[in-house]
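**Q** output the structure for:
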Amino acid sequence: MKQILPGVWQWSWFSDEKQLDFNGLLLTIGEHKILVDPPPMSGEASAIVRSHAPIDYILITNRDHLRAASTYQHEFDCRLYVPEADAALMGTNATKTYQDGELLPGGIWAVHLKDQKSPGESALFIDRGQGILIVGDALIGQPPGAVRLLPSERYVDVEKAKEGLCRLLKYDFDSLLVGDGVSILAGAKRQVAHLLVGTS
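**A** Numbers count the residues shown, from 1 in each chain. Predicted coordinates for the structure are as follows:
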């Protein structure tokens, strides 16, 4: 587990199936301590997270990124927030569901993305400094320093999925923190624009 930005720690769990790192985040924003899309933690990661306890919230970006959240919700006795459109598909007892445009704890904005793999796919935007955008399955950090979509068969219509993702370009972000693959800590919006609209 390592600190990648001020107030942001990331840990990873390697998926043999996907041949990708599944990433979780620990955010410390003001008085809030928040986990995002948490995969299983190593002993080191667990120790660092515990050193920041109490953990207040766990935020999930889509139905497939519940990962180990239920375990940590119980362990840390914290609140679990999931996208409203995915809640019925997740099989967990969320504390609260969230919708597009909602301001979540820590001043994090929920950004719903249409026509993605799951109906509730959402990004999380932190409007501070140069801006931080957190995505689940909306974008994959691969190869390092760039982004790609999921395989086309994961979408009903891949072109509509790309159109839905263009909404992200309305936000002022420099860092893109991905749930799968390698996060881009600077210059990320340029990479997203290159993928979605072919600009540099």
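
**Q** max-length strand in this structure?
**A** In the chain, taking DSSP state E as the definition, the longest strand is strand 20-29.

**Q** please save the CA atoms from that one in CSV.
**A** Below are the C-alpha coordinates for strand 20-29, written out as CSV (Å, rounded to 0.1, in the frame of the first residue of the first chain):
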residue,chain,number,x,y,z
LEU,A,20,-4.7,-7.0,-13.7
ASP,A,21,-4.3,-5.3,-10.4
PHE,A,22,-7.7,-4.7,-8.6
ASN,A,23,-7.1,-1.4,-6.7
GLY,A,24,-8.7,-0.1,-3.5
LEU,A,25,-8.4,3.4,-2.2
LEU,A,26,-8.2,5.0,1.3
LEU,A,27,-9.2,8.6,1.2
THR,A,28,-8.7,11.0,4.1
ILE,A,29,-10.7,14.1,3.4
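
**Q** show me what counts as buried in it.
**A** Neighbour-count burial for strand 20-29, counted by 16 or more other CB atoms under 10 Å, picks out 20, 21, 22, 23, 24, 25, 26, 27, 29. C-betas here are computed from N, CA, C, even on glycine.

**Q** likewise for stretch 143-161?
**A** For stretch 143-161, burial by neighbour count (16+ other CB under 10 Å) applies to 146, 147, 149, 150, 155, 161.

**Q** how would you label residue 13: helix, strand or coil?
**A** strand (DSSP: H, G, I helix; E, B strand; the rest coil).

**Q** can you count the residues close to it?
**A** A total of 17 residues lie near residue 13 under the criterion other CB atoms under 10 Å.

**Q** cool, and residue 67?
**A** Other residues close to residue 67 by other CB under 10 Å number 18.

**Q** repeat for residue 42
**A** By other CB under 10 Å, 12 other residues sit near residue 42.

**Q** who's in contact with it?
**A** Residue 42 makes contact with 1, 11, according to CB atoms under 8 Å, 6 or more residues apart in numbering.

**Q** residue 68 versus that one, what's the distance?
**A** Going from residue 42 to residue 68 by CB to CB, to the nearest Å gives 12 Å.

**Q** which intervals of the chain have sub-threshold pLDDT?
**A** The model of the chain has pLDDT under 70 over residues 199-200.

**Q** hey, where'd the strands end up in it?
**A** In the chain, the strands defined using DSSP E lie at 2-5, 8-15, 20-29, 32-36, 57-59, 79-83, 96-98, 103-104, 108-112, 122-126, 132-135, 175-178.

**Q** which neighbouring elements make contact with the longest one?
**A** If I follow you right, that is strand 20-29. When contacts are defined as 3 or more CB pairs under 8 Å, 6 or more residues apart in numbering; DSSP states H and E, strand 20-29 packs onto strand 8-15, strand 32-36, helix 43-51, strand 175-178.
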